[in-house]
Structures are given as structure tokens and as C-alpha cells.
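A.B. asks: Got a sequence here, can you model it:
(2 chains)
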Number of protein chains: 2
Amino acid sequence: MTPLLPEGFRDTLPPFADAASAVEARVLAVAHSHGYERADPPLAEFADGLGSRLKAGGLTDAVRFVDPVSQRTLAIRPDLTAQIARIAATRMGHHPRPVRLCYAGSVMKLRASQLAPARESRQIGCELVGLDSVAAACEIVGVAVEGLDAAGASGISVDFTLPDLVDTLAAGPLPVPVDRLAALRDRLDAKDAGAVAAIAPEYLPLIDAAGPFATAMDRLRAFDSGGVLASRLDGLATIAASLGDHAALTLDPTERHGFEYQSWLGFSLFVAGAAREVGRGGTYLVMHENGAEETATGFSLFADALVASAASVERRRLFLPLGTSAGDGAAMRAAGWVTVTALTAADTPQTQLATHLWVDGAARAL
Amino acid sequence: MTPLLPEGFRDTLPPFADAASAVEARVLAVAHSHGYERADPPLAEFADGLGSRLKAGGLTDAVRFVDPVSQRTLAIRPDLTAQIARIAATRMGHHPRPVRLCYAGSVMKLRASQLAPARESRQIGCELVGLDSVAAACEIVGVAVEGLDAAGASGISVDFTLPDLVDTLAAGPLPVPVDRLAALRDRLDAKDAGAVAAIAPEYLPLIDAAGPFATAMDRLRAFDSGGVLASRLDGLATIAASLGDHAALTLDPTERHGFEYQSWLGFSLFVAGAAREVGRGGTYLVMHENGAEETATGFSLFADALVASAASVERRRLFLPLGTSAGDGAAMRAAGWVTVTALTAADTPQTQLATHLWVDGAARAL
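C.D. replies: Next comes the predicted model:
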């Protein structure tokens, strides 16, 4: 039997599509309330332009096709942040900084990975362009956590990392030969103590400086006797304090995977019930057409992972039998009810998944 | 200079993307309140399966690509109703009828037309699967008009047509040779009296039976002396009455263009300020895998045309100067304000497009 849909693509059916839409609307409402205005780039762009703003190799996984109009190759976006960066750098390049933008849209990949088998998914996020300060990070992490909370998530946790930590140390108190730097970063990311000891044993304490936030911070401060990391660690402490008890915090200072293009700060977002991270963010650089680089801070949520973690969906539907007046139905909808109007004598509350029945001028629970 | 985006694709920037999103949410809220639950099909499907549910030639205008996983051709959807019909016929094929589904999503075309230069657009709609009765049409047209009203449209009008009118007459009281039927339909659609007179002069009165609803109905009733159209005309009268004064009504009984696949009823939706129709709908048939056909009624709105007609967007943003307490900001957001927090000493209400300033514990208009 031929499968109905290609691998990695799926229909979202009732009531889950409404639930997903509600989750997205709640996250965007939080972003909006903090001054983030929506930008909506197109699904397709010139492949070369889009590729120049994607991570290395990002275009390899994009769906591409030849545009009969321009005779150039277009790509369906595999990621939305590259497009938001383009908008901030070009069409909104002259807008006073910082620029606060939010977005929600579908992204598509030609090939899926084992960890992320979906080839189409929904990305929601906020980007604060023009700043990568501690204040900017406090706002961005705060909006992300508030958005997750508004979406109904529980058990929210934030795992921080310091993407340029090793580069900073290597350029300062703990020099490492340039040809061994990549290997060191990679082995620290993998928590491979043996290999790290062989490359640069003075970095070994970093492996133990991962875990619950307070403990990890203490270890990092002790490790940073020269104070080259002090501004970063003070910044982290400020961000952590700003979150109060809205999220559990952890710190994994040498985590690199997926943060290769972040600058001083990166973070992953987790919620109870989600099998994998539901979002990530950090500080980064936006490229302008003239070659200039601009600081920025942002986060993206992977809506599908988030929705999957949401509580079960409750339907509440009021069945209006044949002959119910239009005015009664309108009044109940205005009062917040979902009504289902009988259109034939065969329609019943049961076939229409109704939970309530309109009888004697009132909604009776079934 | 290289254009930033391919012809027919565009960025929607602040504040218009938020406005478009609000319009869509309001239409969907109306649909939801009438029991229409959201279905969200994927952007891409197997091209042959999708093509079998599109109008003839519909796949010609679709973006297609070879799927490296299945080695088959996939297509990006140029239309959403075909996917909703697929869902109703397959995955929800055993759901009791009628099934009420709504949707909102992006659709893409490889080539644009002069009348519709966008290659990506947003389609919103409702489909009532399992019925094409007058009661079904009353509900669908009513939800469409209520949705347009909720979206802020004014001057709503509905132009009805009777897509199978000529076939019905030709099969009954006014026979037309089969080989001249297509030409007759085409010339009536074009209001070409000379050509209609040459093909089948007894159809000429239909050309004058177009215009304001009441007059056109009177002329159609007079024309239909044998009563073969009586059930259709009674149905139209019922639908018109159900709309009350929520929309201006017109009737163009022989309009065919774009309604080739509708059965007894079709309609176009117009609003003040939109250069072209903002939606259309009607009754039609859904194909099942076993070859069976099922009646259905639905409408689609073209969100871009609708948003373009919406009133100008008002921003209302409260600037929180450096040092404003987090609690004050949260309280104002909880009260419905959009706040913009100063993150540097250089931030001003002006650069942040703020309309209000937080000063002395209150929002002062600027």
C-alpha cells in the first residue's frame, strides 16, 4: 500500500491542529507584549542569498528548484532566523536599534535526521537585533521562558553555555596551539577527559564545571583565577537572577553542538514531557551587505516538540438541535461557546462530538 | 542591482505582519465558534496524489521536486482545499458526517498570473464535508460573512452563481446539442448576447438575469416558467434571507469562471477597499479512494487581498525607561499594554516608536 504522505510530512488533525495554533498564538502574544513585532518572510528565496546567511552546509538540506521567472535557483527555507537577519540587515537596516522582531512559520528540509525525523516543522522565535549585552540576554531569555509558560509548559529549564569560552581562554591565560583548538573544543563538548588531558590538561576542570547552575558557577569562578571570564560569569549570574524561580537552570560551559555560530552566550530550553529540547537561543552576529557585523540576541522554539509536550486537549462543544433559533446560537457563541448546528435530522450530539446539548433554552452537559 | 527577493515573493514587515496575523486569527475564531476544527496538512505531498484532487492543470503551476527518500516527485501545494478534501476522504473518512474543518496556510505557485502576481499567498477557509444542502450553504455563507465582519471588513457583498444552471436547463426544457454546450456556457459567462443568440436564443434572457439579487431572482423565476429551477431558486432565496442585512447580495447565474468544479451553488466574496474578490466558495464533490463521491460545501478566503483592504494599523507602545522595575512592566503588560524596555541609555521612546512613556508610575501619552 502506498503511504498517503511522504516520509517526514504529516497531517495535523483535530483537535491537535487547534492546540498547536493556540500554543503558537500564546507564545507570540507574549513576544508582542514585550514590543516584538512580527515579520513574515516568504517560504522561498534565492538559494545563494539564503545560503550566505545559513550555517555552513545549511543549504544542502534545503529543497531547491529552478525559478522559471528569474532562471535562478530558489530554496525553501530550512530555517527562519537567516531570513529575519536578512530583513534586519537590509529592509530594516536603517531602523533605529535595537530592532525587536518575532516570527512564526514553517520550515522545510529535503532530508531529515534520525533525531529530527520531520522534514517540515514550525519555528517560532524572537530576535533582538543591535544588542548582545547582558540586558539584551535577560530580556530574550525572559521572553522565551514567559512564552513557554504561557503556552502551558511546565518544568521549564534553561541550560546555558558559553560558546566562545575556549577561544577566550586560549587567546588569554591558557594558550593552545591553533591546530589543536578545534580538537580541544570538540573533546570538551564530548566530555572526553582522556583526550582533553592529552591536548591541554589545564582545561580539564571545565568538564566538571557542568551541571546545576550555582555549583557550576562556583567551579567556573574558582577555575577563572585570573578573571578573564569575570564579565561573562557576572553576566550569567545577572541573567539567572532575572529569571527568579520561573525556570530551573543548568550550565554546560563547553557545550558547542548547535552553538557554533553563537558568540558569548547560548542556551537550550527544556520543558517537562518533551523528549528533546523545545528551543534554543543566544547571542550572535548579523552580517550587513557592506560587510559590517552587528550584534544580536534571540531564541527559536520548535513548536512541534512544544505542542507534543502540552497537556491533552479538551473539546467543549454545544449541539444546537434542528430548529434552534439563529439568535440563540449567536448568543451562546458570543458567550464563548463553540456551537455545532444540526443541519439534518440525522445529526446527533454524539456524531458531532458534542459535550453539551441546547435544551429548554440552556446548555445541558451530556 | 540584484533584487532582494524573487518576483512574486515578499517580506511582510511590521506592523503589517501582525495585522495579517490578527485578521487570520479572527476569521479562524469565528470558524472555531461554529464547530469547525482546524486541520493542518503539510506543505508538500506526492505530486500525483495532490494533482488528482486539483483542478485540471493545477499541478502545472505547482513547485515540484524529487524526494531523495522516496525517489518520487513531491509538490508544494498550490491550493489547500485539495488537501482538506483528501483528509476528509481518507484519514477522517470514517468520521460521522458532516465533518467541519477549517484551515489556514501558505500556498505556492511556480508561476504567477497577471491578475494574481503573488507566487506565495495565504489561504484561509472552512469545508463542511458530507452535505451540499441549502442548510449547509446557509451555514457556510454565514460563517464566511461573519468571518469577514470579524476581520474588520466593511461593505461585504456576496455574488451568487448557479454553476450547473445551463446543464440543468439543457438536460430538461431547453435542449442544446452536446457539441454546442461548452460554447453556450462560455458565451453566457462572457455575456456575449450575439453569440448566445446564434447558438441557442432561448437562453438569452439569462444574460439579463444578472445584477442585484431581488431583481435577478424575479427575472430567473419568470424565465423558469416550467419550474425546473424552482428548488435552486428557493434555496438561493433561503440563503439570501439567512444573511439578513449582513451583506449586499448580487446574482450572476451564468458566471462560470473559477466555478467549473462547483455543483449547484457558487459564490464570490467582496469587501470595500479590496481591488479583487477576497474569497469564493460553493458546493462540490469530494472523491473517495473507492471512487465514491461525497457532497461538500465550503469557502476559501485569500488573506492577502483581505488584509490589504483592512484599515490602517495602529501601534500603541509603552516605553519603559532604564531602571523601570520588572514588576511595573509585567503589571502593564498584564493590563494589555505592549511595553518596550530600554536596554541602553541611548534608547528613547522615539527610536522605539513608542506612543506612551512610563513616568511617575503611569503611562503618559507622547
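
A.B. asks: how much space is there between the spatially most central residue of chain A and residue A:270?
C.D. replies: The centroid of chain A falls nearest to residue A:301 when counting by C-alpha atoms, centre = their mean (1.8 Å). Per C-beta to C-beta, to the nearest Å, residue A:301 is found 12 Å from residue A:270. In short, each C-beta sits where N, CA and C put it, glycine included.

A.B. asks: and if you look at residue A:27?
C.D. replies: Residue A:27 sits 16 Å away from residue A:270, going by C-beta to C-beta.

A.B. asks: Then residue A:53?
C.D. replies: Distance of residue A:53 to residue A:270, computed by C-beta to C-beta: 27 Å.

A.B. asks: and the two? which has more neighbours close in?
C.D. replies: residue A:270 (22 against 18; other C-beta atoms under 10 Å in any protein chain shown).

A.B. asks: Show me the beta-bridge partners of that one.
C.D. replies: Counting by DSSP bridges, residue A:270 is bridged to residue A:157.

A.B. asks: Run through chain A and note the low-pLDDT ranges.
C.D. replies: Applying pLDDT under 70 to chain A flags residues A:1-2, A:309-312.

A.B. asks: any idea how it splits into domains?
C.D. replies: Using automatic domain parsing, the domain parsing of chain A gives A:16-41+A:80-163+A:209-309, A:317-365.

A.B. asks: wait, which of the ones you listed is closest to residue B:335?
C.D. replies: Closest to residue B:335 of the domains of chain A, according to C-beta to C-beta: domain A:16-41+A:80-163+A:209-309, at 10.2 Å.

A.B. asks: quick one: the closest one to chain centroid distance?
C.D. replies: Here the centre of domain A:16-41+A:80-163+A:209-309 is set off from its chain's centre by 6 Å, with C-alpha atoms, centre = their mean, to the nearest Å.

A.B. asks: Pull out the buried positions in stretch A:87-99.
C.D. replies: The neighbour-count check on stretch A:87-99 (16 or more other C-beta atoms under 10 Å in any protein chain shown) flags A:87-89, A:92-93, A:95, A:97-99 as buried.

A.B. asks: how about those residues in a markdown table, adding secondary structure?
C.D. replies: Shown next, in a markdown table, are the buried residues of stretch A:87-99 (DSSP: H, G, I helix; E, B strand; the rest coil):
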| residue | secondary structure |
| --- | --- |
| A:87 | helix |
| A:88 | helix |
| A:89 | helix |
| A:92 | coil |
| A:93 | coil |
| A:95 | coil |
| A:97 | coil |
| A:98 | coil |
| A:99 | strand |
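
A.B. asks: okay, now the spatially closest residue to residue A:48 that is not a sequence neighbour: neighbour count?
C.D. replies: Closest residue to residue A:48 apart from its sequence neighbours, by C-beta to C-beta, 6 or more residues apart in numbering or on different chains: residue A:73 at 7.4 Å. Other residues within reach of residue A:73, judged by other C-beta under 10 Å, total 15.

A.B. asks: cool, residue A:325 as well?
C.D. replies: Around residue A:325 there are 9 residues (other C-beta under 10 Å).

A.B. asks: Quick check: the gap between it and chain B.
C.D. replies: For residue A:325, the distance to chain B (C-beta to the nearest C-beta, to the nearest Å) stands at 12 Å.

A.B. asks: ok so, going back, in contact with the residue nearest to residue A:48, which residues are there?
C.D. replies: A:46-48, A:64-67 (C-beta atoms under 8 Å, 6 or more residues apart in numbering or on different chains).

A.B. asks: Can you give the distance from the helix or strand hosting residue A:75 to the centre of its chain?
C.D. replies: In the assignment (DSSP states H and E), residue A:75 maps to strand A:73-76. Averaging C-alpha coordinates over strand A:73-76 and over its chain gives two centres that are 23 Å apart (C-alpha atoms, centre = their mean).

A.B. asks: Buried by neighbour count: which residues of it qualify?
C.D. replies: Buried, per 16+ other C-beta under 10 Å, within strand A:73-76: A:74-76.

A.B. asks: Now do the helices for the stretch 251-366 of chain A: every range, in order, please.
C.D. replies: Remark: helices assigned in the stretch 251-366 of chain A by DSSP state H, counting those that start in this stretch are A:303-309, A:326-334.

A.B. asks: burial of residue A:332, as a residue count?
C.D. replies: 20.

A.B. asks: Residue A:14 too?
C.D. replies: Neighbour count of residue A:14, defined by other C-beta under 10 Å: 22.

A.B. asks: With just CA atoms, put stretch A:336-347 into CSV.
C.D. replies: Output in CSV follows, covering the C-alpha atoms of stretch A:336-347 (Å, rounded to 0.1, in the frame of the first residue of the first chain):
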residue,chain,number,x,y,z
GLY,A,336,-17.7,31.9,24.4
TRP,A,337,-19.3,28.6,23.4
VAL,A,338,-18.4,26.5,20.4
THR,A,339,-21.7,25.6,18.8
VAL,A,340,-22.4,22.8,16.3
THR,A,341,-25.7,23.3,14.5
ALA,A,342,-27.7,20.3,13.4
LEU,A,343,-28.2,20.5,9.6
THR,A,344,-30.2,17.3,9.1
ALA,A,345,-32.5,15.2,11.3
ALA,A,346,-29.8,12.6,11.4
ASP,A,347,-27.2,14.8,13.2
